[in-house]
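just need the structure, nothing else, for what follows:
(one chain, ligands or ions: 1)
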Amino acid sequence: MKNIKKQDPQVYKAIQGELKRQQEGMELIASENYVSEAVLEALGSVFTNKYSEGYPGHRYYAGQKYTDQVENLAIERAKKLFGAEHVNVQPLSGAPANMIAYSAVLKPGDTVLGMDLSHGGHLTHGHPVTLSAKIYKFIRYKTDTSGKIDYRELEKMARKYKPKLILAGFSAYTRQLDYKKFQDIAKKIGAITMFDIAHIAGLIAGKALPNPVPYFDIVTTTTHKTLRGPRGGMILCKKEFAKAIDKAAFPGFQGGPHENNIAAKAVAFGEALKPAFKIYARQILKNAKVLEQELRKYEFKLMFGGTDNHMVLVDVFGSKGVSGKEAEVVLDEIGITLNKNMIPDDPRGPMDPSGIRIGVPAITTRGMKEKETKMIAKWIKEAIENRMDKKMLKKIHQEVIRLCKKFPIYRNLY
Ligand SMILES: Cc1ncc(COP(=O)(O)O)c(C=O)c1O
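So this is what the prediction gives:
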């Protein structure tokens, strides 16, 4: 960082501040993680200078020897990780990846069946505030009272609305989906299937969760959550959709791909192919299970009846009389970062909902295991129950910092 330090102290200071925040804070936002130094190096590489509109072997500008190399590497590694027939690594992030996928197979006005936001779905799955909801007609399915997707109801809705696309995927749903049921329902009405695996991509790559790629026509993802790559998106699909997906990405939706980001994706996928990543993915599931059990012991109400993945959704208002926003603020005071979240059919508004979402991918990257997860659950309980006791909050904060220092990250970075 010697150049930036000299040339732009303001930005340098902000980077140093963020580094310290990440080192000393307990990161429990379910969609965040710490990339390796190697991924950071690729992101900060000279590939950022290069325009490479098109695809390897078919670019609009000259000078593509090395961009083709890294993009092909990223594609081949992703294919191997997920057993995919075709991969496009150019989507700039998760939201554009979904938009590209929709536009590849839908016409304006077409119907899509997707998961309701408050039941764990994502904004880009048809929330009225999004552009996609203005272009396509989204019908939203929900979970039942047991917290599972009601597949019989899903089939009824599919038969009634005849969607062109049935969409699976979530950002706060914690249970395993029945891939085959989605496939069967879609087959019955001739719909295309798509699964946005943004949250669980790393768990699938690490073989801790079953691979949905053989069951869905199109699979979209981000690369920066459990997959532990750079901030970005990716689309995997069956061969028959390959041309449409590639055309929809470029020139349909995006311009020049960010090859520095694609180089970083290649590095991250290389890491995910190593045996250690399988151990990481399995540990995420163990930590999440311990978190579920501990929070239940402390009488927190868990949505969807528990977790099969890397996160839990907790109704803090229903269990402790504290809103999601209040809990988020109190936990921030003790150095625990997580986010407020809606619970299914939340009686409260999205800005101050009933729940909090807690995820373990980042703490697992730090090397924290069951013992540390138990400590974290205890601090969450103590802080929420004693939220007015500033002295106590300060004491817990010191303990949180101490634990983070025992599991250091980016020790020799800048
Ligand atoms: C399921 C899902 N899809 C898409 C996205 C959007 O990704 P991005 O923020 O990279 O655009 C997210 C992000 O939280 C997500 O959880």
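
I'd like the distance between whichever residue of the stretch 1-150 of the chain sits closest to the ligand and Phe195.
Across the stretch 1-150 of the chain, no residue is closer to the ligand than Gly94, which sits at 2.3 Å (Cβ to the nearest ligand atom). (C-beta placed from N, C-alpha, C; glycine too.) Applying Cβ to Cβ, to the nearest Å, the value for Gly94 to Phe195 is 13 Å.

likewise for Met311?
17 Å.

more neighbours: which of those two?
Set side by side, Met311 and Phe195 show more neighbours around Met311, with 30 against 25, by other Cβ atoms under 10 Å.

list the contacts of the more buried one.
The neighbourhood of Met311, defined by Cβ atoms under 8 Å, 6 or more residues apart in numbering, consists of 30, 172, 174, 199, 288, 357-360.

neighbour-wise, which of the residues you listed leads?
Gly359 leads the contacts of Met311 on contacts (other Cβ under 10 Å) with 31 neighbours.

can you check the pLDDT for the residue nearest to it when sequence neighbours are not counted?
Using Cβ to Cβ, 6 or more residues apart in numbering and skipping the chain neighbours, the partner closest in space to Gly359 is Ala30 (2.5 Å). We have a pLDDT of 98 for Ala30.

so who does Ala30 touch?
171-172, 199, 225, 310-311, 338-339, 357-361 are the contacts of Ala30 under Cβ under 8 Å, 6+ apart.

how about stretch 45-64 as CSV, C-alpha atoms only?
Presented in CSV, the C-alpha positions along stretch 45-64 are these (Å, rounded to 0.1, in the frame of the first residue of the first chain):
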residue,chain,number,x,y,z
SER,A,45,-3.9,-6.8,-10.8
VAL,A,46,-3.3,-5.1,-14.1
PHE,A,47,-6.2,-7.0,-15.7
THR,A,48,-8.3,-4.1,-14.5
ASN,A,49,-6.9,-2.1,-17.4
LYS,A,50,-8.1,-4.4,-20.2
TYR,A,51,-11.2,-4.3,-22.3
SER,A,52,-12.3,-7.7,-23.5
GLU,A,53,-15.9,-7.5,-24.7
GLY,A,54,-16.9,-10.9,-26.1
TYR,A,55,-15.8,-14.3,-25.0
PRO,A,56,-12.4,-16.2,-25.1
GLY,A,57,-11.4,-16.7,-28.7
HIS,A,58,-14.1,-14.2,-29.9
ARG,A,59,-13.3,-10.7,-28.6
TYR,A,60,-13.9,-7.3,-30.1
TYR,A,61,-10.5,-5.8,-29.2
ALA,A,62,-7.0,-7.1,-29.7
GLY,A,63,-4.5,-8.1,-27.0
GLN,A,64,-6.5,-10.9,-25.4
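
what comes into contact with that stretch?
66-68, 70-72, 75, 246, 250-251, 255-260, 262-263.

which among these count as buried?
67-68, 70-72, 75, 246, 250, 256-260, 262-263 (16 or more other Cβ atoms under 10 Å).

which two in those are spaced the farthest apart?
Asp246 and Asn260 (20.6 Å; Cβ to Cβ).

shared neighbours of Gly94 and Phe195, anything?
Counting by Cβ under 8 Å, 6+ apart, the contacts common to Gly94 and Phe195 are Thr220.

can you tell me the residue of the stretch 201-350 of the chain closest to the ligand?
Residue of the stretch 201-350 of the chain nearest the ligand, by Cβ to the nearest ligand atom: Thr222 (4.5 Å).

ok, Gly94 touching Thr221?
Yes - here Gly94 reaches Thr221: they are 7.0 Å apart, a contact under Cβ atoms under 8 Å.

more crowded one of those two?
Taking other Cβ under 10 Å, Gly94 and Thr221 do not tie; Thr221 has more neighbours (31 against 27).

that's a strand at that one, yeah?
Yes - under DSSP: H, G, I helix; E, B strand; the rest coil, Thr221 sits within a strand.

count the neighbours of the spatially closest residue to it that is not a sequence neighbour for me.
Of all residues not flanking Thr221 in the chain, Ala201 sits nearest, at 4.3 Å (Cβ to Cβ, 6+ apart). For Ala201, the neighbour count with other Cβ under 10 Å is 29.

thought Ala201 was touching His224?
No - the criterion here is Cβ under 8 Å, and Ala201 misses it with His224 at 9.5 Å.

quick revisit: for the ligand, tell me which of the contacts of Ala30 show up nearby.
With Cβ under 6 Å from any ligand atom as the criterion, the contacts of Ala30 include 171, 199 near the ligand.

pull the most distant pair out of the contacts of Ala30.
The widest separation within these (Cβ to Cβ) is 15.3 Å, between Ser171 and Val360.

can I get stretch 289-305 in CSV, CA atoms only?
Below are the C-alpha coordinates for stretch 289-305, written out as CSV (Å, rounded to 0.1, in the frame of the first residue of the first chain):
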residue,chain,number,x,y,z
LYS,A,289,-25.9,-26.5,13.8
VAL,A,290,-24.2,-25.6,17.1
LEU,A,291,-25.5,-22.0,16.8
GLU,A,292,-29.0,-23.4,16.2
GLN,A,293,-28.9,-25.6,19.3
GLU,A,294,-27.4,-23.0,21.5
LEU,A,295,-29.9,-20.3,20.5
ARG,A,296,-32.7,-22.7,21.0
LYS,A,297,-31.3,-23.5,24.5
TYR,A,298,-31.4,-19.7,25.2
GLU,A,299,-35.1,-19.7,24.2
PHE,A,300,-34.7,-17.8,20.9
LYS,A,301,-37.3,-18.6,18.3
LEU,A,302,-35.8,-20.1,15.2
MET,A,303,-37.6,-19.7,11.9
PHE,A,304,-38.2,-22.6,9.5
GLY,A,305,-37.6,-25.0,12.5
